[in-house]
Each structure stands twice: as C-alpha cells, then as structure tokens.
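give me the fold of what follows.
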Amino acid sequence: QVQLVESGGGLVQAGGSLRLSCAASGRTSINDYMGWFRRAPGKERDFVAQIRWSTDDTYYSDSVKGRFTISRDAAKNLVYLQMNSLKPEDTAVYYCAATRATIWAHWGQGTQVTVSS
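Next comes the predicted model:
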C-alpha cells in the first residue's frame, strides 16, 4: 500500500517561495505518476502538477506554469513542489497523490499553504 506524507507548508507573503515535499513509501512501478493537487477554501480539489516517475516528464496546470516546478528524488522516494512568485490565490491545502495504473488512487493528508497579500 502506498503511503504519502506531505510537509513544507506554511505562511508566506505574496511573491515569496515555499517548497513542499512528499515522502512516498510502498511505491511500485504501477504508481508511475506522482502529482500535486490543491483545494482552496470553498472550492473543489484542482490539479496542480504531475511527474512521471519512469521518464521524468512533467505537466502543469496553466495557473502555476512558469512559477511552480515539480521534481523527484528517486533515491529517497521524494517528490517536491517548488513554488515561486506565490500569490494569495495559491492559498489552499496541497495534496500529494500517486496513480495506480491510470487512476489517482493514493492521497496524502495535505499540507496548508497560506499566502498573505
């Protein structure tokens, strides 16, 4: 069973940076995609970014493209989300996720990111 644990959230001023980490245990080759999602207050959970473990290919939502970078450390089974030029609208609970085949099937507990104006 895949277990995901996020860390690195916090409070930051607009224009600042944060780096989120996701520790993935129990991950196998069937969990090829790792990603980040977020849920803002009163809104649905939205896709942020993903990385394919086997190829290092990445994909971003339009709202974060050019500001956020997803990466992985294969040796440590860690996935990162580097967030730069943060905006108040980036305020949300950020979730790490992993696929099983083509489905986002495994989720972390979430970490709060708050961007003040």
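
just the strands from the protein, written as ranges.
When assigned using DSSP state E, the strands of the chain occupy the ranges 3-7, 10-13, 18-25, 33-39, 45-52, 58-60, 68-73, 78-83, 92-100, 103-107, 111-116.

would you turn those strands into JSON lines with mean pLDDT?
Shown next, in JSON lines, are those (pLDDT from 0 to 100):
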{"stretch": "strand 3-7", "mean pLDDT": "97"}
{"stretch": "strand 10-13", "mean pLDDT": "98"}
{"stretch": "strand 18-25", "mean pLDDT": "97"}
{"stretch": "strand 33-39", "mean pLDDT": "98"}
{"stretch": "strand 45-52", "mean pLDDT": "98"}
{"stretch": "strand 58-60", "mean pLDDT": "98"}
{"stretch": "strand 68-73", "mean pLDDT": "97"}
{"stretch": "strand 78-83", "mean pLDDT": "98"}
{"stretch": "strand 92-100", "mean pLDDT": "97"}
{"stretch": "strand 103-107", "mean pLDDT": "96"}
{"stretch": "strand 111-116", "mean pLDDT": "98"}
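
surely D90 and Q112 touch.
No. With contact defined as CB atoms under 8 Å, D90 does not reach Q112; the gap is 11.6 Å. For glycine as for every other residue, the C-beta is placed from the backbone atoms N, C-alpha and C.

report the contact partners of the residue nearest to the spatial centre of the chain.
Note on the chain: the residue nearest the mean C-alpha position is W36, at 2.6 Å, using CA atoms, centre = their mean. Contacts of W36 were listed using CB atoms under 8 Å, 6 or more residues apart in numbering, and they are 20, 22, 48-50, 70, 79, 81, 94-97.

not counting its neighbours along the chain, what's nearest it?
Leaving aside its chain neighbours, W36 sits nearest to V48 (4.3 Å; criterion: CB to CB, 6 or more residues apart in numbering).
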